Structure formats: C-alpha cells, structure tokens
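In: model this:
(one chain, ligands or ions: 1)
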Amino acid sequence: MGRTWRQRNMKKQRPASKHSVSLNYVLLFKWLKSNGFRCRKLQPAEFHDTGRGLLTLNSIPSGKCIISLPGRLLITSQTVMASDLGADIQRYIPRLSPLLALCIYLINEQLKGVDSFWHPYIQVLPTDFTTPVYYSQEELQWLPTRARQAAMEQIQTVTRQYLELKEFMSNIIKSHQKLAETFSYEHFRWAWCVVNTRSVYMLQPRCQFLSNEIDHYALAPYLDLLNHSVDAKVDAGYNYDTKRYEIITWTAYSKYQQVYINYGPHNNTRLLVEYGFVLPSNCHNAVQFDLDQIKSNPMFSSINSSDKKLDFIREHKLQSDLSCLEDGLSWNLIKTLQILSSPSPCLEEWKRILFEESTNLTLIVRDFAISFLNWALQQYPTKDEQCCPNFELSLNQQMCMTLTLQEKEIINQTLDALQSG
Ligand SMILES: C[S@@+](CC[C@H](N)C(=O)[O-])C[C@H]1O[C@@H](n2cnc3c(N)ncnc32)[C@H](O)[C@@H]1O
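Out: Coordinates of the predicted model:
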C-alpha cells in the first residue's frame, strides 16, 4: 500500500488509449505542416503515468525551440469574430464573454465535421475529461473539503454559463439552425473543458463586441499535447516579430523521453480542479483553509475571539493564504492564529502582532494550531485504502484519494513539528 500501491493502481485504471499513433495524427501533422507549423521530432505517445503526451525522437539540448506555431493556427476570440458566428455575436446583447465565444466556436466547428478548417485538430481532442465537472455525485464526495468547494464552484459556473449560451442559441436559430437545435449541456461541458484545460495564456486585444472579462485564451494545436512537469523549464509565448507562438525548452531531453512544459507552480488541488490530474509528488502542495474552518475548531469558542478580530483579519487579507505547507504553517495562518488567540481586545495590539516580524508561537498559539489541525484531520472523507483495500476505484476516486493522503501527510508532518517544538 502507500505511494507504490497508488501508482500501480493508477496505471491499471488509466483508461485504454483512445489516442494511439493513428491516421488522425498523420492527418493532423500533414495539415499543420501545410500551414507553416515547425517542430522538432516530437511524436504523440501514450505514457503509463501521464497518458498521452509528446515523445522526442532525438535528444534536445537546452535553449532549443521545440514547437513554433504560426499565428493563423491559433484559435482565439479574433478567429471567432472573423468566422460565420461573428455577425451574430456582434449583434447579441448581453455581450458574450471571450471564453463563451471560444466554446461556441469550437462546438460549431465540431459540427461542421470534415468541412471545418480545424477538423484535423478537433479529431484528436479528448472526448471526455477528468475535471470535477465530469465527476459523478459519488466521486465528488471523495474530494477533500477545499477541492470539493472548488469543484462545486466549477460545476455551478459551467451550469450558469451553459444557460447563458442557451439564451444566445435561441437568438441564432435562423442563421445557425443546426447548431442552435443540437446544442446541449454535454457539448458545452466538452468545449468548456477543452478551452480551460488546453488553452495557452495569450493576452488578446479587447474586442468591443465581447464582454469585459480578461481575454487570454488561445487554443494551440499540437502544442496542447504537452503535459505538465514541475521540473520543466520553458519560455513560452507569442513572438510578435515572427508572428508565431514558440516554446523554448531550458530543460534538456535525451532521445525517447517525454517532453514537458510547466503549467505553473500549482498544488495538486489546483491541478485536479483545473486540469483533472494530480502529481504523485508535488513540491507546491499545500493544504488551504478558510476562516470558517478555523472558526469550527473546538478551541475557537474558548479563546477571546470576536467578530472585530475576524473583520481585522479579513481587512488585512490574511484569509487569502491560510495554508499548511510541507515546511509548516503559512505566514498568514500563523498571524491569524496569533491574533485570534491574543487576549487583548485592542486593535493596536492586533496591529502590533501583524507587523511584528517574529513568527514564534506562544504556548497558547501552538495549542490552538494543534487543536485546529487535529480537527482538520477529522474532516477528511473516511474513504481510504484501509477501508476499501480491494475496492475497484475509478481513476477520479484514485486521484481524490491521492489528494486526501497527501494533504493528511502534510498536516501530520506539521503536527509532529508543532508537538516536538
Ligand atoms: C494541455 S493537455 C496535455 C495533453 C493531454 N495529455 C492530451 O492527451 O491531450 C492538458 C491535460 O493533460 C493531462 N496532463 C497534463 N500533465 C499531466 C501529468 N503530469 N500527469 C497526468 N496528466 C497530465 C491532464 O488531463 C490535462 O488536463
């Protein structure tokens, strides 16, 4: 049991590949090449731990450009506005967000089949996802508290945005009858996940016909086959001189290795909710709490806490990072616990605590922290390896379990340090 057990089972459970190197990739590559795409010898392949990714057929030294995609092969809101949907979007009030415009464009292009310019790309997109919006009700219960909250928010967002687009559809029934009539939650959920798990960050000029939300989405064929590693060092971005999206690797690879990019310093909760995967080990892992959880600590009622103290903590934005990291409590969490357990009712004293450099814990703060972390440990779903050793878990359930075990490990490490300190 433990990490090896988890990894072995994750391998066993990963669904059989729908993406073996097939005619679809040959067609994709041909289409990309004929449109000016350049890349080192990278080939789609199935990896036992990450699923589909890109394999290098040659060694790659650090500092080399691995993929260079011309601007016309990026799908952005500009592509959408120049398409057959552009005029309808221009006329429509309330304005669609850039994200929704991209989603509807993708669904429209998928519906066109071989008649779409993007057909070779759309053919190799995943048909489903492992982000929470695809979880069953049962699977959602396996998530630790914070991840479950974020998952529920994601589901609510997708449902709300689906209803927004449904309204738009009823307005374009004359010009896009097939699209409007076939549009469903399933289509939207798929498109939403394609954009959110696969788009690259590329700030777009503001479009007057779209809402004010920041527009930073670009779908980038082939480049979006690259998986994430915390160790990968890359420079990625649109080069306005060459008018190409380029990725330069600062990590060297030998022949037949998987090539990675870095999606950012995300912990596993974020990776699971935003991208639908967790890493077996992740140096950015942290357990995030909120003030309500701290208030649920049984010791909270016995200390001299007050609504004014909570307001003070909120005003100074301490609740933005109440976390437990692999090397202990975050600065914000220490300051929050210090202020809450201060016997003083005076604002001046709370300010002094806040601006004092020292993060040494007095006995009362340490007891408060220990009591809180013990309470937090009890809040995890009780489903774990011990309670269902031979149970056949879905991939989603395994990821939830990995997340739970990793969070408990971090809390236990911190508790050990607090108790021995
Ligand atoms: C930009 S795509 C990368 C290519 C993707 N694996 C595919 O088959 O098309 C991002 C998705 O890849 C998967 N992924 C990326 N990095 C991963 C990793 N290190 N381990 C497992 N899955 C990963 C996740 O499903 C994520 O949502």
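
In: contacts and neighbour counts: CA atoms only from here.
Out: Fine.

In: Whichever residue of the stretch 1-150 of the chain sits closest to the ligand - nearest residue in space that isn't next to it in sequence?
Out: Relative to the ligand, the nearest point of the stretch 1-150 of the chain is T50 (3.6 Å; C-alpha to the nearest ligand atom). Spatial nearest neighbour of T50, chain neighbours left out: N227 (7.4 Å); criterion: C-alpha to C-alpha, 6 or more residues apart in numbering.

In: ok, the one you found to the ligand distance?
Out: Noted for N227: a distance of 4 Å to the ligand, by C-alpha to the nearest ligand atom, to the nearest Å.

In: Kindly report the same for G237.
Out: Look at G237 and the ligand: by C-alpha to the nearest ligand atom, they are 15 Å apart.

In: helices and strands around whichever strand or helix holds that residue, which ones?
Out: Using DSSP states H and E, G237 sits within strand 234-239. Packing partners of strand 234-239 (3 or more C-alpha pairs under 8 Å, 6 or more residues apart in numbering; DSSP states H and E): strand 244-249.

In: how about 10 Å then?
Out: Packing contacts for strand 234-239, counted by 3 or more C-alpha pairs under 10 Å, 6 or more residues apart in numbering; DSSP states H and E, involve strand 64-70, strand 200-201, strand 244-249, strand 258-261.

In: Tell me how far the longest one lies from the chain's centre.
Out: Pointing back at strand 64-70 there. 24 Å (C-alpha atoms, centre = their mean, to the nearest Å).

In: quick one: is that strand near the ligand?
Out: No - under the criterion of C-alpha under 6 Å from any ligand atom, the ligand is not reached by strand 64-70; the shortest gap measures 13.9 Å.

In: got the contact list for that strand?
Out: Strand 64-70 has contacts (C-alpha atoms under 10 Å, 6 or more residues apart in numbering) with 32-33, 35-42, 56, 60, 220-223, 234-239, 242-252, 259.

In: And the shortest one, by the same measure?
Out: The contact list for strand 200-201 (C-alpha under 10 Å, 6+ apart) reads 74, 215-220, 223-224, 236-238, 245, 263.

In: With adjacent residues omitted, what lies nearest to D321?
Out: N332 (5.9 Å).

In: wait, what's in contact with that neighbour?
Out: So N332 contacts I313, H316, K317, L318, Q319, S320, D321, L322, S323, Q338, L354 (C-alpha under 10 Å, 6+ apart).

In: So which of those belong to helices?
Out: Cross-referencing those against helices under DSSP state H gives I313, Q338, L354.

In: what about burial for those, which qualify?
Out: Buried members of those, counted by 16 or more other C-alpha atoms under 10 Å: I313, Q338, L354.

In: just to revisit the earlier point, next, format the helices and strands packed on strand 234-239 as JSON lines and append mean pLDDT and mean neighbour count.
Out: Listed next are these as JSON lines, based on pLDDT from 0 to 100; neighbours: other C-alpha atoms under 10 Å:
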{"stretch": "strand 64-70", "mean pLDDT": "97", "mean neighbour count": "20"}
{"stretch": "strand 200-201", "mean pLDDT": "96", "mean neighbour count": "18"}
{"stretch": "strand 244-249", "mean pLDDT": "97", "mean neighbour count": "21"}
{"stretch": "strand 258-261", "mean pLDDT": "98", "mean neighbour count": "23"}
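
In: now those as JSON lines including distance to N267?
Out: Shown next, in JSON lines, are the helices and strands packed on strand 234-239 (distance: least, C-alpha to C-alpha, whole Å):
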{"stretch": "strand 64-70", "distance to N267": "26"}
{"stretch": "strand 200-201", "distance to N267": "19"}
{"stretch": "strand 244-249", "distance to N267": "22"}
{"stretch": "strand 258-261", "distance to N267": "16"}
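
In: Would you mark the buried spots in whatever helix or strand G53 lives in?
Out: Using DSSP H and E, G53 maps to strand 51-56. Applying a neighbour-count criterion of 16+ other C-alpha under 10 Å, one finds R52, G53, L54, L55, T56 buried in strand 51-56.

In: tell me the angle it makes with strand 64-70.
Out: Going by axes from the mean of the first three to the mean of the last three C-alpha atoms, to 10 degrees, strand 51-56 is angled at 110 degrees with respect to strand 64-70.

In: By mean pLDDT, point me to the weakest helix or strand of the protein.
Out: helix 3-13 (a mean of 44; mean pLDDT, DSSP states H and E).

In: Distance from the chain centre to whichever helix or strand comes after that helix, please.
Out: Going down the chain from helix 3-13, the next helix or strand is helix 23-34, by DSSP H and E. Distance, stretch centre to chain centre, for helix 23-34: 28 Å (C-alpha atoms, centre = their mean).

In: Could you do stretch 405-413 as well?
Out: On the basis of C-alpha atoms, centre = their mean, stretch 405-413 sits 21 Å off its chain's mean C-alpha point.

In: And for the residue nearest to T50, the neighbour number?
Out: Neighbour count for N227, taken as other C-alpha atoms under 10 Å: 19.

In: likewise L57?
Out: By the measure other C-alpha under 10 Å, the count of residues near L57 is 15.

In: Show me what the residue nearest to E246 when sequence neighbours are not counted is bridged to.
Out: By the measure of C-alpha to C-alpha, 6+ apart, the closest residue to E246 outside its immediate chain neighbours is S68, 4.4 Å from it. S68 has these beta-bridge partners by DSSP bridges: R38, E246.

In: Can you tell me how far S68 is from M401?
Out: Distance of S68 to M401, given as C-alpha to C-alpha, to the nearest Å: 38 Å.

In: G421 too?
Out: 30 Å.

In: most surrounded residue in the contacts of strand 200-201?
Out: Most neighbours among these, by other C-alpha under 10 Å: A218, with 25 neighbours.

In: now stretch 296-303, how far from the chain's geometric center?
Out: With C-alpha atoms, centre = their mean, you get 33 Å for stretch 296-303.

In: which residues are in contact with it?
Out: The contact list for stretch 296-303, computed with C-alpha under 10 Å, 6+ apart, reads 294-295, 337, 340-343, 364, 367-376.

In: Which positions in this protein make contact with the ligand?
Out: Residues of the chain lying near the ligand by C-alpha under 6 Å from any ligand atom: 50-53, 197-198, 224-229, 275-277.
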